[in-house]
Structures are given as structure tokens and as C-alpha cells.
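[1] pasting a predicted model and its sequence here:
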Amino acid sequence: MKKALITGITGQDGAYLAELLLAKGYEVHGIKRRASSFNTDRIDHLYKDPHEQDRDMILHYGDLTDASNLIRVLQQVQPDEVYNLAAQSHVQVSFETPEYTADVDALGAMRLLEGIRLLGLEKKTRFYQASTSELFGLVQESPQNEKTPFYPRSPYACAKLYAYWITVNYREAYGIYACNGILFNHESPLRGETFVTRKITRALARIYLGLQDCLYLGNLDALRDWGHARDYVRMQWLMLQQEQPDDFVIASGEQHSVRDFVDAAARELGLAIDWQGEGIDEKGINPANGKTVVAVDPAYFRPTEVETLLGDPAKAKEKLGWTPDISFEELVREMVRLDLEEAKRDELVERAGFRVNHHQE
Ligand code: NDP
Ligand code: GDR
């Protein structure tokens, strides 16, 4: 039985990857952070009580800022594959927490690679680094492929640039089977609520039911290449199954704006959108035209923005047989459907007199 260690197992990708690896018969180990409340929502369906004998998913407390902890876990697990998905992954938040973001996202990757080396696991343990299209930042050519020059535009992207190169360096210096997946944005119903896609589907579902008034967004013209996380974690696994380690761009090759995403989600719900954001009544409707208002709040603008990203996944198509199964429209539909279910649950809870979380970040 192969053993995998996933950092960031409680996040969006960690949950889909754990599910995939368990289905393939792996023993899956994950690192979770200590939190003051339960933080395993996304993997609870895979979780078995520690007292059960036949557990195939085992969680270890840890943190990417703690080298001794990482080395201990690596030593204990002796993994065949390490997937380094843990990160402070929010671009805008990285402007507010640049040092912490660098510690986790840059040095965290180095700590794991150095742990593999110190423990003499260079020949045994394969390493996947969650690299990102944010490396391209202020894009130098379009579409972007593995040879496109990097131009990071945030503390997050600068930290991920270090992680990218330290992965390449440990591959070249010590012969570790280490790969970078340069993944473009991928979303799902498990996406964190403060990333723009989930923020949109969650807000529109709640507006539809009258639980929320208005959707506030930042840059509506930002262009992204959005895919489904379930498709993308398959590529993470495939990258570690090749004869030679390599770096790959994973993208859909299709581009949409934030505005397009709102329109697609609104269509699913039959909502008409008023983009002016003027004359909002207490229900978030413009009384002049009866449409749902989407307003721009400059608080969501970033000091330096990544305006446009579009990936060219030709290399992954050729060498990994990359074919995403889920289209943009199917992704939006699934996210809207599940956020509508969640909003209906909130509506019931609220009607029963209990408080629900109305955060809109
Ligand atoms: P999420 O934000 O959903 O998950 C991040 C995970 O990292 C969570 O499990 C989180 O734990 C954990 N984590 C954060 N800080 C630490 C720390 N200091 N020590 C240990 N664990 C930590 O991200 P995604 O699943 O969306 O992304 C996975 C990876 O892929 C990230 O590295 C991200 O930067 C990268 N990426 C993502 C893309 C996307 O579009 N989703 C595209 C390209 C790259 P907790 O649950 O406790 O917060
Ligand atoms: P991104 O994702 O920065 O691409 O990073 P996000 O969904 O946060 O932003 C995408 C684009 O939408 C614009 N935007 C808003 N974004 C947020 N979060 N909230 C808003 O209200 C809003 N309004 C407009 C942003 O300015 C941006 O242009 C994600 C993360 O998963 C990273 O970890 C990963 O590396 C990259 O994708 C690829």
C-alpha cells in the first residue's frame, strides 16, 4: 500500500486529493493545524475515529512554519509521495500578512524538501509543489505556458516563486523526484468563501432567498482561466506517476471575466443584474428596474492586480493526457446548486430563531 502525505488536507484541493488517493488504495496522511474549533469540515466524510482499526486516513497536527514537526511527521510516515498544498493562499490577504505568507508559502516548501533530504528519503519520496498561475502576474505573453517568464505581483506570488525554484533546485541538486504543478484558478463547492467565485455563488443564492441584500465586489474586469478542482487534483497525482519529474501548466485554456462569472451564476438562478449599483432599496433591488444590484467596493481592489491569466496546457495534454471533464458552465451550475442548498438551510435555521453567519468578505 502506497503512503501519501498531504499538507493542506483540510483545504479545497486537500479534500479532493485525499478522496482520490483513498479511492486508489493509498494510506493517506494529512497535516492539520490546531484551531480553536473543528476545521475538518471538508474531509469529515472521509474521517474515521482514531479508535477504529482499519483507518486509511490519518491526521497529524502540524504547521508548515515548524520544521521539527515536519521532520518528525516525515520520519514517522516515510511517505512515497508528499503533496505540498498547504499555504496562506489568499492573494489579497498576503498584502496584509507578507511575512507570514513568505514563512508558510516559501520557507514551508523548503522545510519539507530539506526534511526529505535530511532523512535520506531522496530516492523514496516524490514531491509535488502547488505552484500557481499567479507566478505569471503581469503577463509577458498570452497564453502562458511552462516557458513564459514570471512576474509576480503580490507577496503571495513572490513567496510561491521561491517555492517554485527551491523545488527545481532540490530536483537538480539532490535528484529528488520533485514537480511543480503550475495550476490556474480552480474552484468547486468546497472553495473558500472569500475567493471571488464562491463569494459570487454564495451571495447570489442568498440574495435569491432574501437572506442578503447586495453583492459587493472589486475588479469586475479581471480575467481568469477557471477550472474544476476535482479535475485538477487528478493532474497533481499524475505528475508524480511519470518516469521523470517535470513541471506542468494545468489550465482549461478558456478565459472569463469576474463579470462573466456573475452573469453565469445569475442565469442559473434566473436573477437579472443591475451593474450600476445605484438606488439600492433595502432588499438590494434597484426599484427603477427591479434588478439585483452588484456594487463595486474599492476595498476589494489590490495594490497590484493580476488583470489577465490564460493558460496553455498543451504540454500536460501531450505528456499526461490532460483532459478536464468539467466545463465552465457545469462548474458554475454545481457551485450555485450547492450554495442554494446551503442558503436554504440557513433560511430554516434563521426562521427557527437561530443566528447564521452573514459575513461578506
Ligand atoms: P485552501 O486555502 O483551500 O487550503 C489551504 C490549506 O493550507 C488549508 O488546509 C489550510 O489549513 C492549510 N494551511 C494554511 N496555512 C498553513 C500552515 N501554516 N501550516 C499548515 N497548513 C496550513 O487552498 P486550495 O486548496 O485552494 O489550494 C491548495 C494549494 O494550491 C495552495 O498552496 C494554493 O496556494 C495553491 N493553488 C491554488 C489554486 C486554486 O485556484 N485553488 C491555484 C494554484 C495554486 P486550514 O484549513 O486550517 O486553514
Ligand atoms: P486569485 O483568486 O487572486 O486569482 O487567487 P480570487 O478569487 O481571490 O480573485 C480572482 C480575481 O477576482 C477579482 N475580484 C475579487 N476577488 C476576491 N477575492 N473578492 C472580491 O470581492 C473580488 N472582486 C473582484 C480579484 O481582484 C482577482 O483579480 C486564487 C487563489 O486560489 C491562489 O491561491 C491561486 O494561486 C490563484 O487563484 C491561481
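    Right, received. Where do you want to start? Ligands and ions are numbered 1, 2, ... in the order given.
[2] switch to C-alpha atoms for all contacts and neighbour counts from now on
    Will do.
[3] now the strands: where do they sit in the stretch 251-361 of the chain?
    Using DSSP state E, counting those that start in this stretch, the strands assigned to the stretch 251-361 of the chain run over residues 256-257, 273-274, 285-286, 291-296.
[4] the longest one vs ligand 2: in contact?
    In other words, strand 291-296. No. Judged by Cα under 6 Å from any ligand atom, strand 291-296 and ligand 2 are separated, with a smallest distance of 7.9 Å.
[5] show me the helices in the stretch 51-200 of the chain, by range?
    For the stretch 51-200 of the chain, applying DSSP state H, counting those that start in this stretch gives helices covering 67-77, 91-96, 98-101, 108-118, 155-174, 196-208.
[6] buried deepest among these, which one?
    Compared across the helices of the stretch 51-200 of the chain, helix 196-208 shows the largest average neighbour count, a mean of 24 (mean count of other Cα atoms under 10 Å).
[7] ok, which of the helices of the stretch 51-200 of the chain comes nearest ligand 2?
    Closest approach to ligand 2 among the helices of the stretch 51-200 of the chain (Cα to the nearest ligand atom): helix 196-208, 3.8 Å.
[8] quick one: that closest one to strand 291-296, angle?
    Inter-element angle recorded for helix 196-208 and strand 291-296: 150 degrees (by axes from the mean of the first three to the mean of the last three Cα atoms, to 10 degrees).
[9] who are the packing partners of helix 196-208?
    Judged by 3 or more Cα pairs under 8 Å, 6 or more residues apart in numbering; DSSP states H and E, the packing partners of helix 196-208 are strand 215-217, helix 258-269, helix 328-351.
[10] okay, the last one in CSV with CA atoms only?
    In CSV, the C-alpha atoms belonging to helix 328-351 read as follows (Å, rounded to 0.1, in the frame of the first residue of the first chain):
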residue,chain,number,x,y,z
PHE,A,328,-17.1,26.3,-17.0
GLU,A,329,-20.9,26.1,-17.2
GLU,A,330,-21.0,22.9,-15.3
LEU,A,331,-18.7,24.3,-12.6
VAL,A,332,-20.9,27.4,-12.1
ARG,A,333,-24.1,25.2,-12.1
GLU,A,334,-22.7,22.9,-9.4
MET,A,335,-21.5,25.7,-7.2
VAL,A,336,-24.8,27.6,-7.5
ARG,A,337,-26.8,24.5,-6.7
LEU,A,338,-24.9,23.6,-3.6
ASP,A,339,-24.8,27.2,-2.3
LEU,A,340,-28.5,27.4,-2.8
GLU,A,341,-28.9,24.3,-0.7
GLU,A,342,-26.7,25.8,2.0
ALA,A,343,-28.7,29.1,1.8
LYS,A,344,-31.9,27.2,2.2
ARG,A,345,-30.5,25.5,5.3
ASP,A,346,-29.5,28.9,6.7
GLU,A,347,-33.0,30.2,5.9
LEU,A,348,-34.5,27.4,8.0
VAL,A,349,-32.1,28.0,10.9
GLU,A,350,-32.8,31.7,10.8
ARG,A,351,-36.6,31.0,10.8
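[11] in that helix, what's buried?
    For helix 328-351, the buried set under the neighbour-count rule, 16 or more other Cα atoms under 10 Å, comprises 328, 331-340, 343-344, 346-347.
[12] and that helix, what does it pack against?
    Under the contact definition 3+ Cα pairs under 8 Å, 6+ apart, helix 328-351 sits against helix 196-208, strand 227-228, helix 258-269.
[13] next, format the helices and strands packed on helix 196-208 as TSV and append mean pLDDT and distance to L240.
    Conversion of the helices and strands packed on helix 196-208 to TSV gives the following (pLDDT from 0 to 100; distance: least, Cα to Cα, whole Å):
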stretch	mean pLDDT	distance to L240
strand 215-217	92	38
helix 258-269	96	33
helix 328-351	96	26
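[14] distance of the residue lying closest to A102 once chain neighbours are set aside from R351?
    Across the structure, with Cα to Cα, 6 or more residues apart in numbering as the measure, the residue nearest A102 apart from its sequence neighbours is A159 (4.9 Å). Distance from A159 to R351, counting by Cα to Cα, to the nearest Å: 45 Å.
[15] give me the pLDDT for K24.
    According to the model's per-residue confidence, K24 sits at a pLDDT of 97.
[16] run a quick neighbour tally on it.
    The local packing count at K24 equals 11, with neighbours defined by other Cα atoms under 10 Å.
[17] for ligand 2, give me its nearest residue in the stretch 1-150 of the chain.
    Counting by Cα to the nearest ligand atom, the stretch 1-150 of the chain gets nearest ligand 2 through S89, at 3.9 Å.
[18] point out where the stretch 151-300 of the chain drops to low pLDDT.
    Of all residues in the stretch 151-300 of the chain, those with pLDDT under 70 make up the ranges 277-284, 287-288.
[19] can you rerun that using 80?
    Under the criterion of pLDDT under 80, the regions of the stretch 151-300 of the chain flagged as low confidence span 276-293.
[20] get me the contact residues on it for ligand 2.
    With the criterion set to Cα under 6 Å from any ligand atom, the stretch 151-300 of the chain comes near ligand 2 through 184-185, 194-197, 217-220, 222, 258, 300.
[21] 8 Å instead?
    Counting by Cα under 8 Å from any ligand atom, the residues of the stretch 151-300 of the chain lying close to ligand 2 are 156-157, 183-186, 194-199, 216-224, 258, 296-297, 300.
[22] just the buried ones from those?
    A residue is treated as buried here by neighbour count (16+ other Cα under 10 Å); on that basis the buried members of these are 156-157, 183-186, 196-199, 216-220, 222-224, 258, 296.
[23] could you dump the strands of the stretch 251-361 of the chain to CSV with distance to ligand 1?
    As requested, the strands of the stretch 251-361 of the chain are arranged in CSV below (distance: least, Cα to the nearest ligand atom, whole Å):
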stretch, distance to ligand 1
strand 256-257, 14
strand 273-274, 26
strand 285-286, 31
strand 291-296, 23
